[in-house]
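K.L.:
need a structure here:
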Amino acid sequence: MKDFDKMLKTSFEYGVILNVHINMLESLVDYANRSGKKMFLHADLISGLKTDEAGTEYLCQKIKPYGIISTKGSVVMAAKQKGVVATQRAFILDSSALERSIKIISKTDPDYVEVLPGVVPKVIKMVIEKTGKPVFAGGLIDTAEEVEAALAAGASAITTSNYELWQIYDEK
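P.N.:
Numbering: from 1, shown residues only. Take a look at the predicted model:
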């Protein structure tokens, strides 16, 4: 929770909640909203939540986050149906994973795509070109140079738990 408190003190408009128990979600999202933050929930990494249509409906209707992130297409589509910003997370480790991810993205029509690992600018460009979707780069991004390379490749945002990088890019 120390990272959550740190994030609330930054100038960043958006944050991601993950690795928490389902019982904590409502209070965390409410607290973040009162701090002026728009929160994405990483549905796959919430303890006690089944990532299916009912679990997604619970998040959208009860917790009311700004957005939901998931590797599961059914979760992405359910979030979109409920009017919540949906991010399709894609692990692209080889060319067959890229092709599979492009097909899933075409089917789910997410608002955003998160590409992992985010340290491969070539893949970021390819996903943007083939889907036309904004891309978040995440995973293994540890340096300002890697952030800049991902942004130069067209990434709309970077997802990282690296607090030093938060400090470098924080406008406060």
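
K.L.:
Which other helices and strands does the strand ranked longest in the chain contact?
P.N.:
Using DSSP state E to assign secondary structure, the strand with the most residues in the chain is strand 85-91. Counting contacts by 3 or more C-beta pairs under 8 Å, 6 or more residues apart in numbering; DSSP states H and E, the secondary-structure elements packed against strand 85-91 are strand 38-42, strand 67-70, helix 73-81, helix 95-108, strand 112-116. Heads up, the C-betas are built off the backbone N, CA and C, glycines and all.

K.L.:
Report the distance from stretch 138-148 to the chain centre.
P.N.:
Distance of stretch 138-148 from its chain centroid, counting by C-alpha atoms, centre = their mean, to the nearest Å, is 15 Å.

K.L.:
How about stretch 99-113?
P.N.:
Between the centre of stretch 99-113 and the centre of its chain there are 14 Å (C-alpha atoms, centre = their mean).

K.L.:
Contacts for that stretch, please.
P.N.:
Counting by C-beta atoms under 8 Å, 6 or more residues apart in numbering, the neighbours of stretch 99-113 from elsewhere in the structure are 67, 73, 76-77, 80, 85-92, 127, 130-131, 133-136, 156.

K.L.:
List only buried entries from these.
P.N.:
For the contacts of stretch 99-113, burial is judged from neighbour counts taken by 16 or more other C-beta atoms under 10 Å, and it is met by 67, 73, 76-77, 80, 85-90, 92, 127, 131, 133-136.
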